[in-house]
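> here you go, sequence then predicted model.
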Amino acid sequence: MIYLLFLTLHLFAALIFIGTVFFEVLFLESIRKQLPVKVMLLVEQGIGRRARTLIPWVLLVLFGAGLGMVWLRYLPALASPLASSFGTLLMVKIIVAISVLLHFLAAMFLFKSDRMSARFLHFIHGSLFCHMVVIVLLAKGMFYLTW
């Protein structure tokens with residue numbers, strides 16, 4: 001029963017985080033070309049403030065629930081990850097997820113120290129977008145790919 005709770009929390013947190021990244025990359029970039037610079041700046045500032053208050057909690061739930069799932073069910077697969085396709089894909093997924101966390105921490109540090117540039121923000125959004133695609137494919141592949 002506790003595993004189901006962790007799984008549900010993990011999925012909802014993933015939906016929020018992935019949805020936020022996809023929105024910023026797929027929608028905001030095209031909207032930028034259609035709105036005046038001042039309006040777009042206000043939109044980005046509003047979304048950025050909300051994301052910086054919400055996303056740390058979402059990531060806490062996402063990683064906390066993920067660790068709980070690993071502890072309850074997947075620790076044996078990670079004990080020897082190369083012994084099965086599931087363990088290998090799970091290990092790669094965890095490595096990519098750690099990279100996502102490092103991206104987020106770097107971005108938060110740059111925001112807090114007032115060193116975040118538009119260029120780096122664009123890079124980090126694109127990189128996170130690619131990471132999210134890889135994580136989703138790995139999450140599904142863990143249960144359907146075998147070798």
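That came through fine.

> alpha carbons only for contacts and neighbour counts from here, please
Will do.

> locate the residue of this protein with the greatest distance from its centre.
The C-alpha centroid of the chain is most remote from residue 36, which lies 29.8 Å away (CA atoms, centre = their mean).

> strands of this protein, residue ranges please.
With DSSP state E, there are no strands along the chain.

> how is it divided into domains?
The chain resolves into domains spanning 1-73, 81-147 when parsed by automatic domain parsing.

> now the end-to-end length of the longest one.
By CA to CA, to the nearest Å, the extent of domain 1-73 from end to end equals 12 Å.

> before we move on, what about the last one?
Using CA to CA, one end of domain 81-147 lies 13 Å from the other.

> on that earlier part again, including mean pLDDT, could the domains of the chain go into a markdown table?
Putting those into a markdown table (pLDDT from 0 to 100) gives the following:
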| stretch | mean pLDDT |
| --- | --- |
| domain 1-73 | 94 |
| domain 81-147 | 95 |
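
> how many other residues sit next to the closest residue to residue 101 other than its chain neighbours?
Spatial nearest neighbour of residue 101, chain neighbours left out: residue 59 (8.0 Å); criterion: CA to CA, 6 or more residues apart in numbering. By the criterion of other CA atoms under 10 Å, residue 59 has 19 neighbours.

> so residue 59 makes contact with residue 13?
Yes - judged on CA atoms under 8 Å, residue 59 makes contact with residue 13 at a distance of 7.1 Å.
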